[in-house]
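Colleague: My questions are about this predicted structure, shown below with the sequence.
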Amino acid sequence: MAYIEGKRPVLEAVKSGYPIDEIFVADNLERDDLVKDILRKARAADITVREVSRRRLDEMIERDPDARSGRKGKKDDGSSPRVHINQGVIARAGAFPYCGLGDIVSTAQADFERNDSRALVIVCDHLTDAGNLGAIARSAEAVGASGIIIPNKRSAHVTPATFKSSAGAIAHIQVAQVANIVGALEKLKDEGFWVVAASEHATSTVWETDLVGKIALVMGNEQTGVSSLVLDHADLMCKLPQVGHISSLNVAQASTALMYEWLRQNWEA
């Protein structure tokens with residue numbers, strides 16, 4: 001069971017339509033403007049709000065394996081108590097509404113026809129960090145991508161950590177879980193997409209790679225990159241130009257740079 005902690009994150013989750021089962025509010029909480037707004041929007045969205053003790057809130061977060069906001073501090077005696085910043089408000093997240101691959105294909109076709117013959121789909125090849133997935137979703141939504149495809153096994157999935165790192169954008173972009181990434185790529189190819197895999201082993205930079213039109217951009221695992229099997233099914237490979245000494249950017253940072261190059265090329269086409 002996963003929880004979103006804090007007044008502002010809970011408010012943004014409710015406003016953005018992120019699935020929420022229940023909201024829990026401390027029984028002695030001061031009803032400031034943020035809390036009042038949460039309660040109003042929860043009622044409008046027909047979300048149950050329950051008053052519980054502060055101790056109960058802390059116990060709920062302690063049991064949440066996805067909790068990100070707690071930090072341990074040092075007491076004078078050297079012990080390390082759990083410090084919570086839930087601010088007396090937490091929300092129990094519901095199941096994220098994944099879509100089907102066909103839904104993303106349909107959206108991409110509509111985007112292609114409406115947006116000067118451009119469409120972008122992001123394919124995540126077994127990312128493991130839900131925060132990275134959220135950061136990628138934030139950039140994907142910003143550039144107008146049609147959707148994100150992730151594997152349904154051995155991969156990060158959408159959690160409250162994803163919501164937090166996406167700044168709520170994950171609620172505004174379609175995400176499809178698929179059993180087979182290669183099969184999804186072949187479907188996209190059949191629909192007129194060029195599959196472009198991001199790899200530091202590519203010989204061409206993204207500046208030299210044609211990203212105009214329908215593009216399926218494949219981003220790889222944080223440690224191993226895009227798998228060899230997926231690379232074998234890519235039409236093109238590209239990398240970011242680099243003049244520094246660090247071998248590569250974080251996958252979320254790299255995806256942002258690549259997505260904006262796609263947008264630039266299509267903007268100017």
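Modeller: Received the coordinates, thanks.
Colleague: Tell me where the model's unsure across the stretch 151-269 of the chain.
Modeller: For the stretch 151-269 of the chain, applying pLDDT under 70 flags the ranges 247.
Colleague: so where do the strands sit in it?
Modeller: For the stretch 151-269 of the chain, the strands defined by DSSP state E, counting those that start in this stretch occupy 175-178, 194-198, 214-219, 236-238.
Colleague: and these, which is most packed in?
Modeller: Highest mean neighbour count of these: strand 214-219, a mean of 25 (counted as mean count of other Cβ atoms under 10 Å). Glycine gets a C-beta too; all of them are placed from N, C-alpha and C.
Colleague: quick one: it to strand 194-198, angle?
Modeller: Strand 214-219 runs at 20 degrees relative to strand 194-198, counting by axes from the mean of the first three to the mean of the last three Cα atoms, to 10 degrees.
Colleague: quick one on the thing from earlier: among the strands of the stretch 151-269 of the chain, which comes closest to Leu127?
Modeller: For the strands of the stretch 151-269 of the chain, proximity to Leu127 was assessed by Cβ to Cβ; strand 214-219 is nearest, at 7.2 Å.
Colleague: what's the closest one packed up against?
Modeller: strand 119-124, helix 181-190, strand 194-198, helix 251-268 (3 or more Cβ pairs under 8 Å, 6 or more residues apart in numbering; DSSP states H and E).
Colleague: Tell me which of the ones you listed sits most buried.
Modeller: Ranked by average neighbour count under the criterion mean count of other Cβ under 10 Å, those are headed by strand 119-124 at a mean of 28.
Colleague: who does that one pair up with?
Modeller: Applying DSSP bridges, strand 119-124 is found paired with strand 147-151 (parallel), strand 214-219 (parallel).
Colleague: ok, then the element right after that strand?
Modeller: Proceeding C-terminally, strand 119-124 gives way to helix 130-143 as the next helix or strand, assigned by DSSP states H and E.
Colleague: Any chance of CSV for the strands paired with strand 119-124, columns distance to Pro9?
Modeller: Formatted as CSV, these follow (distance: least, Cβ to Cβ, whole Å):
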stretch, distance to Pro9
strand 147-151, 21
strand 214-219, 26
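Colleague: Of those strands, which is nearest Glu12?
Modeller: When the strands paired with strand 119-124 are ranked by proximity to Glu12 (Cβ to Cβ), strand 147-151 comes first, at 19.6 Å.
Colleague: so that closest one versus helix 181-190, what angle?
Modeller: Angle of strand 147-151 versus helix 181-190, following the same axes, to 10 degrees, is 150 degrees.
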